[in-house]
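Engineer: I'll drop the sequence and a predicted model, then ask my questions.
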Amino acid sequence: MNRTPGRPLRADAERSVRAILAAAERVLAEHPGATMEQIAEAAGVTRTTVHRRFANRQALIDALATEAAAKLAEAIEDGHPETAPPLVALHRATANVLRVKAAWGFALGPAVAGSEQAARIHGEVARRCIELLGRIQEQGAIAADADLEWVRRVYYALIGEVLHTAPAGAPACGLGPDAAPGPEAPALDPDALAARIVDTVLHGVGPRAGS
């Protein structure tokens, strides 16, 4: 992003950047090869404005990846992983992450390598996730000898699977802000899905004791 380090953007400039990034996510999700001009048109700004904020297309995509990663980090923190009861924090963070990943599917998807800054944020998110799983392990809900890195990877995989599959009649991206499902295609419920993911991580799919 073209801006002087340490200098915050003016409010109007900040709004235009947010509009450009939101438009870039929408446009690139449908057409990954979209041009800066197409993104500018979707954002309701001129191409000059886009180039004033971003030196080139890769700079725009890097900024998009960083923005999405920051949203993901905010989603985790909103679950209060250090202070809330661990299982409550995991459920809330999971529901939040589902919403963010659905809304920023392109920026958080495999097609975007991401900037170094985005990679650092993702690394911090993974670290926070391990810490929260450690709190759950201390409570006895995860086996004492479980490999928490493996648990994290399984947890991430379940989230990814939820976002790539949907019940019959439901939109695959029903969690996204632009989804407007009709009466025959109900939106997916992030809280219900979060409960299912957490339950699967903690209990697997085998028979329960006493069942």
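Structural biologist: Happy to help now that I have it.

Engineer: how does the protein divide into domains?
Structural biologist: Listed domain ranges for the chain are 1-55, 64-203 (source: automatic domain parsing).

Engineer: quick one: the first one to chain centroid distance?
Structural biologist: Spelled out, that is domain 1-55. 20 Å (C-alpha atoms, centre = their mean, to the nearest Å).

Engineer: One more: stretch 120-128?
Structural biologist: On C-alpha atoms, centre = their mean, the centre of stretch 120-128 falls 12 Å from the chain's centre.

Engineer: Give me the buried positions along it.
Structural biologist: For stretch 120-128, a neighbour-count test (16 or more other C-beta atoms under 10 Å) marks 121-122, 125, 128 as buried. In this view, the C-beta of every residue, glycine as well, is placed from N, C-alpha and C.

Engineer: Of those residues, which belong to helices?
Structural biologist: 121-122, 125, 128 (DSSP state H).

Engineer: Just the closest of those residues to residue 54, please.
Structural biologist: Relative to residue 54, the closest of these is residue 121; by C-beta to C-beta it sits at 18.7 Å.

Engineer: what sits against the closest one?
Structural biologist: When contacts are counted by C-beta atoms under 8 Å, 6 or more residues apart in numbering, residue 121 touches 66, 69-70, 72-73.

Engineer: State the distance from it to residue 189.
Structural biologist: Distance, residue 121 to residue 189, using C-beta to C-beta, to the nearest Å: 27 Å.

Engineer: tell me, how many neighbours does residue 59 end up with?
Structural biologist: By the measure other C-beta atoms under 10 Å, the count of residues near residue 59 is 15.

Engineer: by contact count, what packs against the helix or strand it falls within?
Structural biologist: Taking DSSP states H and E as the definition, residue 59 sits inside helix 57-77. Judged by 3 or more C-beta pairs under 8 Å, 6 or more residues apart in numbering; DSSP states H and E, the packing partners of helix 57-77 are helix 11-30, helix 36-43, helix 86-103, helix 116-138.

Engineer: ok, and what's touching it?
Structural biologist: 1-2, 17, 20-21, 24-25, 28, 35-36, 39, 50, 54, 93, 96-97, 99-101, 103-104, 106-108, 112-115, 117-118, 121-122, 124-125, 128-129.
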